Every structure is written in C-alpha cells, then in structure tokens.
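Colleague: okay, here's the prediction I keep looking at, along with the sequence it came from:
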Amino acid sequence: MLSHRSWLFLIVVVLGGISLPAQEVPSRPASDFLDAQQGITETELVTRALASNPTLLAQRQQIEMAKGDVTQAHLHKNPSLMLGGLKEVNGDDHGINATGSLPLELYGRRARRTEVAESKEDVSKQSVADQERLLTGEVRSRFGEALASVRNLMFVEQLLKVNEDFLKLMEDRVHQGATPPLDADETRVEVNRIETMRIDYQAKAEIALLGLKEAVGIDPEEPIRLKGELALGSLTYDQKQLLQLAMEHRPDLAMQHASEALANAELRSDKAIGKPDASVFGGYERPNSGFSQEAFDTAGNLSPIRQSFNHVVFGLNINLPVFDRNQGTAVADTAAIRAAQSQIAAVNLTLRHEVIQNLIRFNGAQARVAVYRSGVRDQASHNLDVVRQTYAYGRSTLLDVIAEQRRYIDIETGYTDILLNAYTARVSLEQAVGTDLQ
C-alpha cells in the first residue's frame, strides 16, 4: 500500500512532473583551452607521452628483462665441487676426497645461447617501438579531436554573442513599439538554444582534453592549454615513396623479421644442444687403510700395519646424445621459421594496403576541405548575411533569419568535422608509414 505522500508524489509526476533545481555548469570559454603563445604543442605532447605514459613504461621493462637474459647467456657455466669421505664400518679404514668438474659447452653452445638472447632483445625492442608508433598516433588523433571540440565551442560562443546583441536590439525595439513582442520571444528562444549548444560543446571539449591527458599520461587535474591548428595546408605525397618509407620504418614489420631471426637462432642453438658435450673433472683422494696384523717398522719395533695414500683423480665426462638429439625441437623450430616468414608476408601485405587506403582517404579528405571551404561554408556565411540584411529592410521574417542561421550552424560544425577528418587522415597515414611526413 502506498502512503498518502507517495500517492501525492505519483499524482504530481503524472500531471505535470517535478521541477528540480538545475545545477549550473561552470562556464569555461574556448580561450581556457587554447594558448597561442605558451600552449603545449602536439609534438611536445607526443614527446611527453613517450616519456611518461605508464603503459608504455611497463612495456619498456621487457627490453630490460631481455638485456638481463643477454647478460646471463654470456656467462660460462659454473664449475662444480664435490667433497666427501668414507669410514669403514666396524673398522679403522677411512678417507677423504674432493672432486671438481668444469663444463666445456662444446659446439658453440654459449655463443648459440647468447645469439638467442640477443634475438629476443631485438624482438622486444621492435615490439616496444611498434607500441610507441601506435601511442604517437593515438595522442595526435586525440589532439585533433580536442582542437575540433574547442573550434566548435569558439564558433558557438561567437554566434551566441551575436544573438545576444541582436536580442538586446530586439528588446529595445519592442519597448519602442517598432517590433512585435513575438520577435523578441523567438530571438530569446534561439539565444537559449545556442546557449545549450555552448554547454554541450564545452563538455565535449573538456572530455576531449581529458582523453588527451589520459593518452599522454597526464594527471586529470593538471591544467594544460593547447597550441595548434586543426586546418592543414595542402599536401601531396607519392605512393611509391610512402610504400618505401613504410618498408624501412614500420617497426611491426621489423619485429617480424626479428622473430624470424630468433627462430633461426633457436634452431642453431637446439642443434648444438643435440651434439655431444663434455666436462673435465679432477680430484684428490686420501685413503687411510691397514690390516689387523702388526709388522716391524723401520726402527725395528712392532706396529699396526696402516698407511695413508695420496691419489690424484682426473678424467673427461662425455655426454653421448644417442637417443635424444633434440630432433623434435628442431622440427618445431623449423615450423617456427616458416610461421615467421608467413607473418612477414602477412604484415607486408597489410602494410601496403594500409598505406594505400590511408593515402586515398587523406587525398579525399583534403579535396572535401577545399570544396567545403569555398563552395559551402563561404556561401552559407554569405547567405546568412543576405537574409539578415533583407530582414533589416523588412523583406523577410525573423523565422527566415533563424532558419538560415540554423543551416549555417550545421554547415560550420560540419566543416569542423571535415577538418578533423583530414587531420586524423594525415595522422593515420603517418602511422601507416611509420614515420613523420614533412
């Protein structure tokens, strides 16, 4: 059963809803996000990301781990020392012995082991370099997204100022009786609508800036301002040159070549392990033994027959790979080599497709920017000016001005999207090539 207050609450919701006090969003102008003099550039953010991104720092430890393995592989195998003794049960015979051995590591085992460790280090370096390539692209893309959000915020701020000034003019004309009150009300609605857009674009700019900070590895509370331009100059690239650059600079392709070298090194190492090995050993023994009878010593006295002896022991211990010669491991290593070669071909093919596709995307984005700038955006701005002038002359209605202004807003924000598309297309093209393009 619902209480009296619960029924009252339900009736209010059904009939008219509940009006809750709105929470005001702190206003941040576009100037809070940009600083043409002291702001941080895209290049500086990329440099900082490569130095401080925690995920990348963790991945770089793989290189340090691989370096430790190389150091370990360089070391000789340790010698061994065995100490022992013996004691006759129910007798007086006893002795001590000490034996040491040294592995020889024949057939270049240590060199092959070091080669494998160095190849693993190379794979780790190329893997981290590929992560740096991807992180660079992510930071630059988010930088462009932040610039685009700030551009929309700046545009809406300027439009809001124009409409607020126009509203003041309309209110003055209403007081003077020169304009019907409905025109001022319609203008006020448009001002409030643009204000909601401004709040939305401010939130988008703040979120985009937070996303950029996250990619770089910057604390969310740290204040930063950006320095850069969303619009790019006209750029042309040759497809053959880009493909050649990609073959030379893409770290994921280099990593696959390093993986092939690692598989070959492991095959050589396993073949060396499958060959005979040996260790030299040497030792010292000192037994003390005798008999229960007595005999005359050199002085002519009777004494127990007992004497200590000094023995030197040496030899060569050979491991004969009669049954286990690492045959199965060699087969697995051979398959790993073929797999690495196939991966090289796959990455090579993917690389070529990525470069060509992103080049087409970039050229198309540049062409759209050029057409949109001169054939759409400039014309839309001119049309809005004309409609405003005709309204001032009494030849069009206020609704015509509002409708044309809304078309202009859609076109201008659409231009931001096209600029961002061209910006990210160039970032994707450089990421596909694996190096910066001048």
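Modeller: The structure has been received and is ready for your questions. Numbering: from 1, shown residues only.
Colleague: nearest residue to Glu430 in space, please, no chain neighbours.
Modeller: Once flanking residues are discounted, Glu430 sits nearest to Leu437: 5.2 Å by CB to CB, 6 or more residues apart in numbering. (Each C-beta comes from the backbone N, C-alpha and C, glycine too.)
Colleague: ok so the one you found is a helix residue?
Modeller: No. Counting by DSSP: H, G, I helix; E, B strand; the rest coil, Leu437 is not part of a helix but coil.
Colleague: got phi/psi on Gln293?
Modeller: Torsion angles at Gln293 (phi, psi; degrees, to the nearest 10) stand at phi -80, psi 170.
Colleague: equivalent analysis for Thr236, please.
Modeller: Dihedral angles (degrees, to the nearest 10) for Thr236: phi -130, psi 140.
Colleague: report the separation between it and Ala367.
Modeller: 11 Å (CB to CB, to the nearest Å).
Colleague: which stretches in the chain count as strands?
Modeller: Taking DSSP state E to define them, one finds strands in the chain at 80-87, 94-103, 277-296, 302-308, 311-319.
Colleague: most tightly packed of the ones you listed?
Modeller: Of all the strands of the chain, strand 94-103 has the most neighbours on average by mean count of other CB atoms under 10 Å, namely a mean of 16.
Colleague: what does that strand contact?
Modeller: For strand 94-103, the external contacting residues (CB atoms under 8 Å, 6 or more residues apart in numbering) are 76-77, 79-88, 277, 279-289, 313, 317.
Colleague: and if we set it to 10 Å?
Modeller: 76-88, 109-110, 277-289, 308-309, 311, 313-317, 319 (CB atoms under 10 Å, 6 or more residues apart in numbering).
Colleague: may I ask which helix or strand of this protein has the lowest mean pLDDT?
Modeller: Least confident helix or strand, the chain: helix 4-15 with a mean of 37, by mean pLDDT, DSSP states H and E.
Colleague: just for this structure, where's the confidence low?
Modeller: Along the chain, segments meeting pLDDT under 70 span 1-25, 295-297.
Colleague: looking at it, which residue lies furthest from center?
Modeller: Outermost residue of the chain with respect to the C-alpha centroid, by CA atoms, centre = their mean, is Gly300; its distance is 92.5 Å.
Colleague: so which of the strands of the chain is nearest Arg250?
Modeller: Closest approach to Arg250 among the strands of the chain (CB to CB): strand 277-296, 41.2 Å.
Colleague: could you list the paired strands of that closest one along with their orientation?
Modeller: With DSSP bridges as the test, strand 277-296 is paired with strand 94-103 (antiparallel), strand 302-308 (antiparallel), strand 311-319 (antiparallel).
Colleague: now tabulate these in JSON lines and tack on distance to His353.
Modeller: Formatted as JSON lines, the strands paired with strand 277-296 follow (distance: least, CB to CB, whole Å):
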{"stretch": "strand 94-103", "distance to His353": "51"}
{"stretch": "strand 302-308", "distance to His353": "83"}
{"stretch": "strand 311-319", "distance to His353": "51"}
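Colleague: which ones are touching Pro79?
Modeller: Counting by CB under 10 Å, 6+ apart, Pro79 makes contact with 100-103, 279-281.
Colleague: fine by me, thanks again.
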